[in-house]
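Engineer: Fold the following and give me the result.
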Amino acid sequence: MIRNRRARIVATLGPASRDPSKVEALARAGADVFRVNFSHGTHADHARAIATVRGAEAAVGRPLAVLADLQGPKLRLGRFADDQVRIRPGQTFRIDLDPTPGDASRVCAPHPEVLAAVKPGAEILIDDGRVRLRVLRHGPDFAETEVTVGETLSNHKGLNLPGHPIPIPALTDKDRKDLAFALDQGVDWVALSFVQRAADMAELRQLVQGRAAVLAKIEKPAALEALDEILDLCDAVMVARGDLGVELAPEDVPVVQKRLIRACRLRGLPVIVATQMLESMTSAPTPTRAEASDVAGAVYEGADALMLSAETAAGQFPLEAVTIMNRIIERVERDPRWPELMDAEFPLEDDDADALVAAAARAAERSAIACLASFTTTGQTALRLARERPLQPALALTPHLGVARRLALTWGVEARVVEQPTDSESLAKVATDAALDLGLAPPGQRILILAGLPMGSPGAANILRLAHTPRRR
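Structural biologist: Reported below is the predicted structural model:
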């Protein structure tokens, strides 16, 4: 089952989409990656969801990826004696470590790290910025603040401290248990929340030990200050615009999105744009025109994938959301100007393998090449090819199902599992047969093959071969 587009779709599973028939329908409508959100549900729920994706994969006949999204630390207020209080701009309000239920003058925030990080004049945001406090003075166990925005506070609302890195680890005890479970379930990607520094990703990589690919969710402004070091340690990136938008000014979020996409494209790292892409479709069968333009904008920027969250997890129209996102992507990729925008971020050719892949993409552009085929044992050759953004179909052939599944997130790559060729003749036959069978190249057409010698050994591509699909079968 081939999608007629290059950008990929990530669909979040939830109560609205966990049934096997619904997951299969989402895959047939165009979902490539299924996100399992460990902020909600039990391990038993997640195990059923992952098994359902594997069943849908068999039904649609193409690799589907499972992305385990770890919750990360959640900074929240404590409880109020009456569950909710009224506050007024200009009044003072105290945050402290006293677990006694709060009132209109104070509340507990059981996070000493937050109180250690604040400074006079710092802003504390509560409930995604609906309530804003300015720190007047503080000590090791309290912060005295002035209310600047907001009128209502209720139990356990989230808390943010923009512009101040908070010295807490990205992986909680819950995350470690969830990670061990997810890896035992054979997930393909693990997403880490609350990334602030490279050490956060280094810790995740050390725990994963290559059993899945790792993804950094960029949702804290502190991560932008250490972006290069973080990108060195991750296999993909998610632009988590919702959380970024709490701590950044609204006008800064689109600029940060473009910066992150460009940085990832230059490195050849898949990048997902996430949050509120078709938010209105949680309760409406069609998106707003602004949402359609938002999706289109991410495609024009060259994002590898676009993510649906509540739209598919809890919305009333999950299938329609995937269908419409698929239609928007296809329409953008038919725009005559779209190809020149894909060329706008041409990568550097860092080593011999990069140079060979770049040469293959340029040769395909300048001659009648129907398909580019890469043989890969780790996925790296296919990722290098995707970085070039070729307009010809890109086929990734691997003997490892896990590699094929991970590549489901990658721009323009059709990954399939094949037996490992043993010599150059079998290499050409496997590639041409696959291109023909999948409809990526008509009979008698030329395909360009990228591979590495010795065959089957992980390493960089070092050979480029021209072959023709069979005229008759």
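Engineer: So which elements touch the longest helix along the chain?
Structural biologist: Longest helix in the chain, counting residues (DSSP state H): helix 43-60. Packed against helix 43-60, as judged by 3 or more Cβ pairs under 8 Å, 6 or more residues apart in numbering; DSSP states H and E, are the following elements: helix 20-29, strand 33-37, strand 65-69, helix 173-184. All C-beta spots, glycine's among them, are computed from the backbone N, C-alpha and C.
Engineer: ok, now with 7 Å
Structural biologist: helix 20-29, strand 33-37 (3 or more Cβ pairs under 7 Å, 6 or more residues apart in numbering; DSSP states H and E).
Engineer: show me the contacts for L356.
Structural biologist: By Cβ atoms under 7 Å, 6 or more residues apart in numbering, the contact set of L356 is 461-462, 464.
Engineer: and these, which are buried?
Structural biologist: Burial by neighbour count, 16 or more other Cβ atoms under 10 Å: within the contacts of L356 this picks out A461.
Engineer: Which residues does the longest helix of the chain contact?
Structural biologist: Under Cβ under 7 Å, 6+ apart, the answer for helix 43-60 is 1, 13, 18, 20, 23-24, 27-28, 34, 36, 38, 63-64, 66, 181, 185, 187.
Engineer: how near is the residue nearest to A109 when sequence neighbours are not counted to E151?
Structural biologist: The shortest distance from A109 to any non-neighbouring residue, by Cβ to Cβ, 6 or more residues apart in numbering, is to I95 (4.8 Å). Using Cβ to Cβ, to the nearest Å, we find I95 at a distance of 17 Å from E151.
Engineer: Check V413 too.
Structural biologist: For V413, the distance to E151 (Cβ to Cβ) stands at 50 Å.
Engineer: who's more crowded, these two?
Structural biologist: For the pair V413 and E151, the greater number of neighbours falls to V413 (25 against 12), based on other Cβ atoms under 10 Å.
Engineer: how far away is the more buried one from C371?
Structural biologist: In terms of Cβ to Cβ, V413 sits 12 Å off from C371.
Engineer: what does the average pLDDT come to for the helix or strand containing A298?
Structural biologist: Secondary structure from DSSP states H and E places A298 in helix 289-300. Averaging pLDDT along helix 289-300 yields 97.
Engineer: contacts for that helix?
Structural biologist: 7, 273, 277-280, 306, 325, 328-329, 332-333, 338, 341.
Engineer: One more: stretch 236-251?
Structural biologist: Contacts of stretch 236-251 with the rest of the structure, by Cβ under 7 Å, 6+ apart, involve 125, 128-129, 160, 162, 191, 213, 215-221, 253, 256-257, 260, 264, 269-276, 409.
Engineer: Show me which of the residues you listed are buried.
Structural biologist: 125, 129, 160, 162, 191, 213, 215-221, 253, 256-257, 260, 264, 269-276, 409.
Engineer: I'd like to know which of the residues you listed are part of helices.
Structural biologist: Per DSSP H, the subset of those in helices is 221, 253, 256-257, 260, 264.
Engineer: and which of these is nearest V417?
Structural biologist: Closest approach to V417 among these (Cβ to Cβ): C264, at 26.3 Å.
Engineer: Return the distance of the residue lying closest to the closest one once chain neighbours are set aside relative to A226.
Structural biologist: In space, and not counting its chain neighbours, C264 is closest to V271: 3.8 Å by Cβ to Cβ, 6+ apart. Distance from V271 to A226, counting by Cβ to Cβ: 17 Å.
Engineer: What of S17?
Structural biologist: In this view, S17 and A226 are 35 Å apart by Cβ to Cβ.
Engineer: same check, this time on L159
Structural biologist: 22 Å.
Engineer: Which stretches in the stretch 151-300 of the chain count as strands?
Structural biologist: Listed in chain order, the strands of the stretch 151-300 of the chain (DSSP state E, counting those that start in this stretch) span 152-154, 159-160, 189-192, 213-218, 236-240, 271-274.
Engineer: Save those strands as TSV, and put in distance to A321 and mean pLDDT too.
Structural biologist: Below are the strands of the stretch 151-300 of the chain laid out as TSV (distance: least, Cβ to Cβ, whole Å; pLDDT from 0 to 100):
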stretch	distance to A321	mean pLDDT
strand 152-154	30	92
strand 159-160	28	90
strand 189-192	20	98
strand 213-218	21	98
strand 236-240	18	97
strand 271-274	14	98
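Engineer: okay, these in a markdown table with distance to L204 next?
Structural biologist: Converted to a markdown table, the strands of the stretch 151-300 of the chain look like this (distance: least, Cβ to Cβ, whole Å):
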| stretch | distance to L204 |
| --- | --- |
| strand 152-154 | 33 |
| strand 159-160 | 22 |
| strand 189-192 | 5 |
| strand 213-218 | 5 |
| strand 236-240 | 12 |
| strand 271-274 | 17 |
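Engineer: Domain parsing of the protein, as residue ranges.
Structural biologist: 8-72+170-334, 84-160, 346-468 (automatic domain parsing).
Engineer: which residues of the stretch 301-450 of the chain fall in helices?
Structural biologist: Here the stretch 301-450 of the chain has its helices, by DSSP state H, counting those that start in this stretch, at 310-313, 318-333, 338-342, 352-366, 380-387, 401-406, 424-437.
Engineer: Quick one: these as CSV, columns for distance to A249 and mean pLDDT too.
Structural biologist: What follows is the helices of the stretch 301-450 of the chain, written out as CSV (distance: least, Cβ to Cβ, whole Å; pLDDT from 0 to 100):
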stretch, distance to A249, mean pLDDT
helix 310-313, 24, 97
helix 318-333, 27, 98
helix 338-342, 26, 90
helix 352-366, 37, 84
helix 380-387, 31, 93
helix 401-406, 35, 98
helix 424-437, 48, 91
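Engineer: Make TSV from these and add distance to A59 to it.
Structural biologist: Shown next, in TSV, are these (distance: least, Cβ to Cβ, whole Å):
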stretch	distance to A59
helix 310-313	18
helix 318-333	15
helix 338-342	31
helix 352-366	32
helix 380-387	24
helix 401-406	15
helix 424-437	18
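Engineer: Tell me which of those sits nearest to P169.
Structural biologist: Taking the helices of the stretch 301-450 of the chain one by one with Cβ to Cβ, helix 401-406 is closest: 25.8 Å.
Engineer: Now that closest one: buried residues?
Structural biologist: Buried residues in helix 401-406, counted by 16+ other Cβ under 10 Å: 402-406.
Engineer: Mind exporting the C-alpha coordinates of that helix to PDB?
Structural biologist: Output in PDB follows, covering the C-alpha atoms of helix 401-406 (Å, rounded to 0.1, in the frame of the first residue of the first chain):
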ATOM      1  CA  LEU A 401      11.800  -5.300  10.200                       C
ATOM      2  CA  GLY A 402      12.700  -3.000  13.000                       C
ATOM      3  CA  VAL A 403      14.700  -0.800  10.600                       C
ATOM      4  CA  ALA A 404      11.800  -0.700   8.100                       C
ATOM      5  CA  ARG A 405       9.400   0.300  10.900                       C
ATOM      6  CA  ARG A 406      11.700   3.100  12.100                       C
END
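Engineer: tell me what it is packed against?
Structural biologist: Against helix 401-406 (3+ Cβ pairs under 7 Å, 6+ apart) you get strand 413-417.
Engineer: what angle separates the strand it packs on from strand 65-69?
Structural biologist: In terms of direction (axes from the mean of the first three to the mean of the last three Cα atoms, to 10 degrees), strand 413-417 departs from strand 65-69 by 110 degrees.
Engineer: Show me the strands paired with strand 413-417, marking each as parallel or antiparallel.
Structural biologist: Strand 413-417 pairs in its sheet with strand 394-398 (parallel), by DSSP bridges.
Engineer: Perfect, that will be all.
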